[in-house]
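Engineer: quick check, what structure comes out for this input:
(chains A and B)
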Amino acid sequence: AQKITQTQPGMFVQEKEAVTLDCTYDTSDQSYGLFWYKQPSSGEMIFLIYQGSYDEQNATEGRYSLNFQKARKSANLVISASQLGDSAMYFCAMRDVYNQGGKLIFGQGTELSVKP
Amino acid sequence: DAGVIQSPRHEVTEMGQEVTLRCKPISGHNSLFWYRQTMMRGLELLIYFNNNVPIDDSGMPEDRFSAKMPNASFSTLKIQPSEPRDSAVYFCASSTDEGSYEQYFGPGTRLTVT
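Structural biologist: Have a look, this model is predicted:
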């Protein structure tokens, strides 16, 4: 069965520094997608970044980048130049390609706190 | 463009009452998902539809839960009768069948059953 593991329940980072949020996954599928979502205290789920299993380059979206290491089955999120507004819960998720419609399986999340 | 719309945003009801949550997906999206978020279980998929057809309802907790999608722009999740353990935030999300399939979430409905 597919599984997403986020081992860091909480993280602290100093404003303007970079931070890495860990995510490992387990799947027997060859084709899959990996996602990161941000959930601020207001509660909404915000899509941040996507990495396909066949993508050769790491995905980047502004200050967000995904450190994809396929052999290690890891998909860590790197946030550069942290801002106070980055304080939130961050969820890693995986899509099962073979299920029509793309069901997402989520990790338990990492709570990031950015210190001024 | 409008995002996913959910109503109500908050619902407080008494045990045994019927609860109906509503969702309007993003126009042009043909997959719709209902998730439930609790502290104990995190985010879990309840059911999803593709082209208005239920594809996977294995996450629906029990017969008290039902979901419908009568057309491409509307879906409901109903709980009857409600119980205190149903208290959670219920999210609706939608996506296309193209590209990376990223799902866009609505603001959620916070349900409290007393």
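Engineer: contacts and neighbour counts: CA atoms only from here.
Structural biologist: Noted.
Engineer: quick check: closest non-adjacent residue to B:Gly59.
Structural biologist: Leaving aside its chain neighbours, B:Gly59 sits nearest to B:Leu46 (4.1 Å; criterion: Cα to Cα, 6 or more residues apart in numbering or on different chains).
Engineer: surely the one you found touches B:Arg36?
Structural biologist: Yes - applying Cα atoms under 8 Å as the test, B:Leu46 and B:Arg36 come out as touching, 6.8 Å apart.
Engineer: poorly predicted segments of chain A, please.
Structural biologist: Scanning chain A for pLDDT under 70 picks out A:97-101.
Engineer: so what does the residue of chain A at minimum distance from chain B look like in phi/psi?
Structural biologist: In chain A, the residue that lies nearest chain B is A:Glu44 (5.0 Å; Cα to the nearest Cα). With angles defined as degrees, to the nearest 10, A:Glu44 sits at phi -70, psi 160.
Engineer: contacting residues for it?
Structural biologist: Counting by Cα atoms under 8 Å, 6 or more residues apart in numbering or on different chains, A:Glu44 touches B:Phe105, B:Gly106, B:Pro107, B:Gly108.
Engineer: what residue ranges in chain B score low on pLDDT?
Structural biologist: Scanning chain B with the threshold set as pLDDT under 70 gives B:1.
Engineer: re the thing from before, also within reach of chain A: list those from the contacts of A:Glu44.
Structural biologist: Contacts with chain A within the contacts of A:Glu44, counted by Cα under 8 Å from any Cα of the partner chain: B:Phe105, B:Gly106, B:Pro107, B:Gly108.
Engineer: most surrounded residue in the residues you listed?
Structural biologist: B:Gly108 (28 neighbours; other Cα atoms under 10 Å in any protein chain shown).
Engineer: and the spatially closest residue to that one that is not a sequence neighbour, how many neighbours?
Structural biologist: Nearest residue to B:Gly108, sequence neighbours excluded (Cα to Cα, 6+ apart): B:Phe91, at 4.4 Å. By other Cα under 10 Å, the residues close to B:Phe91 number 28.
Engineer: what's the answer for the one 3 residues further on, then?
Structural biologist: Other residues near B:Ser94 come to 28 when the count uses other Cα under 10 Å.
Engineer: assign it to helix, strand or coil.
Structural biologist: Three-state call for B:Ser94 (DSSP: H, G, I helix; E, B strand; the rest coil): strand.
Engineer: contacts only, for it.
Structural biologist: Counting by Cα under 8 Å, 6+ apart, B:Ser94 has contacts B:Val4, B:Pro25, B:Ile26, B:His29, B:Asn30, B:Ser31, B:Leu32, B:Phe33, B:Gln103, B:Tyr104, B:Phe105.
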